[in-house]
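J.: structure, please.
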Amino acid sequence: PREMPALVEELARWTTLPISVKPNAGLPDPGGAGYDITADQFAAALAELEARLGVKLYGGCCGTTPEYIAKLCRALEGKTIREVSRSVPAAVCSPVQVVPIDRVRVIGERINPTGKKRMKEALLRDDVDYMLGQALEQTQAGADILDVNVGLPEIDEPSMMVKVVKALQGVTDAPLQLDSTRPEVLEKALRVYCGKAIVNSVNGDEEVLDAILPLVKKYGAAVVGLTLDKNGIPKTALDRLDIARRILNRALNYGIRREDVYIDCLTLTISAEQAAASQTLEALARVKKELGLKTVLGVSNISFGLPARPLVNQNFLTMAMTKGLDLPIINPNLDAMMAAVRCYHLLMNIDADARDYIAALCGELGALGFDEIVLEDFHFPVQGNLDNINRGDSYDPAAFTAQLEAFLTRVQGAVDPYGTKVSLRFSAYVLTGEGSALSGVTADLLDRYSARFWSEQEGQSALAVASGGPAAAERTVEIVTQRQEGAEQFQAVLPAEE
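T.: Numbers count the residues shown, from 1 in each chain. Predicted structure coming up:
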């Protein structure tokens, strides 16, 4: 029971259902002498859960006896069930990863035969490995969720969907968006999916709503609602908003939470309907503001038939995010699209201390063939800047170390595919004064990242300090800040060309 509070707290974040706990009597003794928690300790630990977290059902598992349960009952005697108000945010999950829709989350579009010759061929050949490769490429590129569409007239879509969903769960932790117009395909996929999926999709047609929304409710999924009906796609934002409202009301009637309804205001090709883009953006903004729903868009549809499609797609994506787009369906393998998402998070103060932005930059530098990336201490995105810490600001060594290690792990993960080394460089001042900024950093961490130290001479900027000898400089990039008139300016320093 000593480990129960953290587990119960995590459960309470994601459900409004009653929570029950039934722990062991501690850990078993290897010598066979029973378990290491007494009945009194067991009862006291579980009674505390009631006071803190409002647990409603209690029991005991391995190692407990009637004595344990009797003492637990006495510890809870006279207590009333504490009602804890919970609000579960919009989120989807795989068996091991929760993806809250609390920022722009990228849905990878590549496992879909529409307009993709090689995917069609893979489906016809029953080549599941090709689809698994597409999944891994997309998640490595930054996709948070994967769309899965295997709809081809020539194949058995229900059996193929089941096969692909099962296989994907064996290679990726990313949640899935199950994409089909056929209720029987969606039900079979939901049946074998371990987690909370997104169903793509329903629309304003009453028959479609009645066929698919019960499945969404039954399996606890989220659902995408397309703003079209039997009359097609409305021309105006107002008419699309009306369909979105109709979808929401029907979902609520089926007992589906508002947070689990995502609206797609539909991207039309501007080479055919140039005025449609502004109507899509207006509809998206109104759905967000007036209905308070999460939003989805298939972004790349905007540029069909135009030259320089990536440029159009990137700009439309940025415009849509500023209007409230939560879930862009894009090809994450396109650097420009993922860069737009990262820059949006950075500029909107969502990416705390630019951590994701810097980690992604390091990955891009690794792809360029650099053997080493040197991270200089002025701009570690951890608990403030080291310069401030060493001027006497409050400092928690354990928190600093944990944040530093988490950040470095993220950077190292970004460059690992390229065999690039990540190193640290500290200026001498971080070792001086009361409560050195490195006082909590372990020698192992410093050694793992080849930490080295340097002294800044008067009038010399950080940029002037070499990261190594001439040979190293040819292959090394420094990520540092330059002090200029009291400010700090972030930039990457590339080796000079010979």
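
J.: quick check: Gly225 is in a strand.
T.: Yes: assessed by DSSP: H, G, I helix; E, B strand; the rest coil, Gly225 belongs to a strand.

J.: which parts of stretch 100-110 are buried?
T.: Applying a neighbour-count criterion of 16 or more other Cβ atoms under 10 Å, one finds Ile101, Val104, Arg105, Val106, Ile107, Gly108, Glu109, Arg110 buried in stretch 100-110. For the C-beta atoms, the positions are set from N, CA and C on the backbone; glycine is no exception.

J.: what about the strands in the stretch 1-150 of the chain?
T.: 20-21, 57-58, 91-93, 98-100, 107-111, 145-148 (DSSP state E, counting those that start in this stretch).

J.: nearest to Leu176, of those?
T.: Set against Leu176 and scored by Cβ to Cβ, the strands of the stretch 1-150 of the chain come closest in strand 145-148, at 5.4 Å.

J.: avg pLDDT for the closest one?
T.: Strand 145-148 shows a mean pLDDT of 98.

J.: could I get the phi/psi values of the closest residue to Ala276 other than its chain neighbours?
T.: Among residues not flanking Ala276 along the chain, Leu268 sits closest, at 3.8 Å (Cβ to Cβ, 6 or more residues apart in numbering). Per-residue torsions, Leu268: phi -100, psi 150 (degrees, to the nearest 10).

J.: so what's Leu268 up against?
T.: Ile233, Ala276, Ala277, Thr280, Asn301, Ile302 (Cβ atoms under 8 Å, 6 or more residues apart in numbering).

J.: lowest-confidence one in these?
T.: For the contacts of Leu268, the pLDDT minimum is Asn301, 92.

J.: contact partners for the residue nearest to Lys289 when sequence neighbours are not counted?
T.: Excluding its sequence neighbours, the residue lying closest to Lys289 (Cβ to Cβ, 6+ apart) is Gly324, at 7.5 Å. Neighbour list for Gly324: Leu284, Ala285, Val287, Lys288, Lys289, Thr295 [criterion: Cβ under 8 Å, 6+ apart].

J.: how about Ile69, nearest residue that isn't a chain neighbour?
T.: That would be Gly60: by Cβ to Cβ, 6+ apart, it lies 5.7 Å from Ile69.

J.: got the confidence number for that neighbour?
T.: Predicted confidence (pLDDT) for Gly60: 95.

J.: how far away is the residue nearest to Ala276 from Leu281?
T.: Separation of Leu268 from Leu281 (Cβ to Cβ, to the nearest Å) stands at 12 Å.

J.: buried stuff in the helix ranked longest in the chain?
T.: If you go by DSSP state H, the chain has its longest helix at helix 397-415. Residues of helix 397-415 classed as buried by neighbour count (16+ other Cβ under 10 Å): 397, 400-401, 403-405, 407-408, 410-412, 414-415.

J.: comparing the strands of the stretch 1-150 of the chain, which comes out most buried?
T.: strand 107-111 (a mean of 25; mean count of other Cβ atoms under 10 Å).

J.: which helices and strands does it pack with?
T.: Judged by 3 or more Cβ pairs under 8 Å, 6 or more residues apart in numbering; DSSP states H and E, strand 107-111 is in contact with helix 128-141, strand 145-148, strand 327-330.

J.: please name the bridge partners of Leu226.
T.: Beta-bridge pairing of Leu226 under DSSP bridges involves Asn203, Asp264.

J.: quick one: residues contacting it.
T.: Leu226 touches Ser201, Val202, Asn203, Gly204, Asp264, Leu266, counting by Cβ under 8 Å, 6+ apart.

J.: Pro30: how many residues sit nearby?
T.: 6 (other Cβ atoms under 10 Å).

J.: list phi and psi for it.
T.: phi -60, psi -30.

J.: and it, how close does it get to Pro1?
T.: 20 Å.

J.: what do you get for Gly115?
T.: Relative to Pro1, Gly115 is positioned 55 Å away (Cβ to Cβ).
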